[in-house]
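**Q** Starting from these lines, generate the structure:
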Amino acid sequence: MRLGCHVSIRNGYYGAAKHAASIGANAFQFFPKNPRSLSIKEFNRDDAEQCKQFCHQHNVISIAHTPYPTSLTPHPDKKDLIIRSLANDLEISEACGAVGVVVHFGNRAIGSDPLAAYQTMISMLNEVLDDWEGSCKILLENNAGRPGSMGTTLEELVQVRNLTHYPEKIGFCLDTCHAFASGLWNGDNWEEIVDHGKQLGYIQHLTAIHLNNSKYPYAEGKDRHANIFKNGYISREQFQPFIRSPILQEIPLLLETPSDEGISHAEEIDQIKKLAH
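**A** Model (predicted):
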């Protein structure tokens, strides 16, 4: 089982990897740079290489996450900045040994043509990946909008990947809170999702899971993460078969849950391990 959480890089990439291992994780997620900035980071390559080597030696897998302002459907005057920033994220993540960089699926501007948003996403992905020769992939993450919102179905994710020039450089990240909020996963239909996802070609490219509970009921479209066993609407009984799903045994399950509500990530990881057995 690959299990971990999002980890700060305040002590560097190597420090993030060591911290993940110290709390019982064999996977972790990190921001390659300031999560609130799209600026290009001149990163410490020695630190990145130490992170990569540590993960290799200790059988730890890492995933990166783009900064919050990253959008695949940006305002035109932000497009070039985001393309350069995402290319920088890929470079840093590759140096650290990460298998992918998570990017949120795009959003349609109010009143705009939804087809235009998809076309923008495909164009952005093509431009970013034109010159990318590394093994680190872009991982498209499902959105948390109300049912029917853009980026909430497996069909959309698969189709965007298929329509790019470089589908082999793109994978998927499934967020359980987003899936619950959008009506995709009701807590009891995981096997149906797997079967449908295999038919579509989604499951074959599923590379990471954001393991989060939801602070709001099913299909309300609200993106508020809750701890797995506290203050959430997805029950322990619903999480158990999901966590035990055979197809997820080698896919990293990464907590993005609150760490200020009386339970640490180390405690959550320990509780999830017990639930899995």
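**Q** Now do the helices in the stretch 151-277 of the chain.
**A** 154-163, 176-181, 190-200, 236-243, 265-276 (DSSP state H, counting those that start in this stretch).
**Q** Return the most buried member of those helices.
**A** helix 176-181 (a mean of 27; mean count of other Cβ atoms under 10 Å). (C-beta placed from N, C-alpha, C; glycine too.)
**Q** Which strands or helices does that one pack on?
**A** Helix 176-181 sits against strand 206-211, strand 213-214, with contacts defined as 3 or more Cβ pairs under 8 Å, 6 or more residues apart in numbering; DSSP states H and E.
**Q** which other residues reach it?
**A** Residues from elsewhere that reach helix 176-181 (Cβ atoms under 8 Å, 6 or more residues apart in numbering): 141-145, 152, 184-187, 193, 209-214, 216, 218-226, 233-234, 242.
**Q** And stretch 115-127, what's buried?
**A** 117-118, 120-122, 124-125, 127 (16 or more other Cβ atoms under 10 Å).
**Q** export it as CSV, just CAs?
**A** Written as CSV, here are the backbone C-alpha positions of stretch 115-127 (Å, rounded to 0.1, in the frame of the first residue of the first chain):
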residue,chain,number,x,y,z
LEU,A,115,-16.1,24.0,-26.0
ALA,A,116,-13.7,27.0,-26.0
ALA,A,117,-12.5,26.0,-22.5
TYR,A,118,-11.7,22.5,-23.6
GLN,A,119,-9.9,23.8,-26.6
THR,A,120,-7.8,26.1,-24.4
MET,A,121,-6.9,23.3,-22.1
ILE,A,122,-5.7,21.1,-25.0
SER,A,123,-3.7,24.0,-26.5
MET,A,124,-2.1,24.7,-23.1
LEU,A,125,-1.1,21.1,-22.5
ASN,A,126,0.3,20.8,-26.0
GLU,A,127,2.5,23.9,-25.5
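**Q** Could you find the closest non-adjacent residue to Gly134?
**A** Spatial nearest neighbour of Gly134, excluding adjacent residues (Cβ to Cβ, 6 or more residues apart in numbering): Glu94 at 4.1 Å.
**Q** check contacts around that neighbour.
**A** Counting by Cβ under 8 Å, 6+ apart, Glu94 has contacts 134-136.
**Q** Asp223 too?
**A** Contacts of Asp223 by Cβ under 8 Å, 6+ apart are 144, 177-178, 181.
**Q** So which of these is the closest to Val7?
**A** Cys177 (18.9 Å; Cβ to Cβ).
**Q** neighbours around Ala16, how many?
**A** 24 (other Cβ atoms under 10 Å).
**Q** Could you do Arg36 as well?
**A** Residues near Arg36, counting by other Cβ under 10 Å: 10.
**Q** what's the spacing between it and His6?
**A** As judged by Cβ to Cβ, to the nearest Å, Arg36 and His6 stand 15 Å apart.
**Q** try Pro69
**A** 17 Å.
**Q** try Gln199
**A** 31 Å.
**Q** Run through the protein and note the low-pLDDT ranges.
**A** 110-111 (pLDDT under 70).
**Q** Quick check, Leu255 in contact with Ala266.
**A** No - counting by Cβ atoms under 8 Å, no contact exists between Leu255 and Ala266, whose distance comes to 10.4 Å.
**Q** Tell me which residues touch Cys5, please.
**A** Applying Cβ under 8 Å, 6+ apart, the residues contacting Cys5 are 20, 23, 25, 28-29, 254-257, 265, 268-269.
**Q** Out of the residues you listed, list just those in strands.
**A** 28-29, 254-255 (DSSP state E).
**Q** Quick one: which of those residues is the most crowded by neighbours?
**A** Leu254 (28 neighbours).
**Q** who's that residue bridged to?
**A** Gly4, His210 (DSSP bridges).
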